[in-house]
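1. Fold the following.
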Amino acid sequence: MKLDRENVAAMIKKYLRHEIELITLVDWAEAAINEGDFDEENFEPIRNAVARIGVADVRAFGLTWEDCGALLKSLGYAARVEIVAA
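-> Purely as a prediction, here's the structure:
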């Protein structure tokens with residue numbers, strides 16, 4: 001399956017919504033890099049985003065809200081926060 005910007009954005013969204021843990025996101029990114037089957041139309045931003053996610057488990061890199069926002073922006077998306085009563 002070709003990895004496109006929608007797939008990457010969906011994984012970041014799952015992470016930000018706490019539907020998956022960081023290690024799951026990193027494992028997914030590492031597997032995607034190894035497969036290397038990126039959509040050619042947006043190859044560079046997809047590859048860069050997946051590569052960045054792939055090192056997020058290293059303490060020196062991490063993955064902040066700002067990082068996620070920047071990755072989403074590079075893929076043509078924007079992140080928004082919605083506060084709701086618990």
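
2. gap between the spatially most central residue of the chain and Ala85?
-> With distances taken as CA atoms, centre = their mean, Ile12 lies nearest the centre of the chain, 4.1 Å away. Using CB to CB, to the nearest Å, Ile12 is found at 25 Å from Ala85. From N, CA and C alone the C-beta is placed, and that goes for glycine too.

3. hang on, the residue nearest to the centre of the chain is in a helix, isn't it?
-> Yes: secondary structure assignment places Ile12 in a helix (DSSP: H, G, I helix; E, B strand; the rest coil).

4. quick one, longest helix in this structure?
-> Longest helix in the chain, counting residues (DSSP state H): helix 22-35.

5. Export only the CA atoms of it, formatted as CSV.
-> Extracted C-alpha coordinates of helix 22-35, given in CSV (Å, rounded to 0.1, in the frame of the first residue of the first chain):
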residue,chain,number,x,y,z
LEU,A,22,4.4,7.0,20.9
ILE,A,23,6.1,3.7,20.5
THR,A,24,3.3,2.5,18.3
LEU,A,25,3.7,5.6,16.1
VAL,A,26,7.4,5.2,16.0
ASP,A,27,7.2,1.5,15.1
TRP,A,28,4.7,2.4,12.3
ALA,A,29,7.1,5.0,11.0
GLU,A,30,10.1,2.7,11.1
ALA,A,31,8.2,0.1,9.1
ALA,A,32,7.0,2.7,6.6
ILE,A,33,10.6,3.9,6.1
ASN,A,34,11.8,0.3,5.5
GLU,A,35,9.0,-0.3,3.0
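
6. Which secondary structure elements does it sit against?
-> With contacts taken as 3 or more CB pairs under 8 Å, 6 or more residues apart in numbering; DSSP states H and E, helix 22-35 sits against helix 5-16, helix 43-54.
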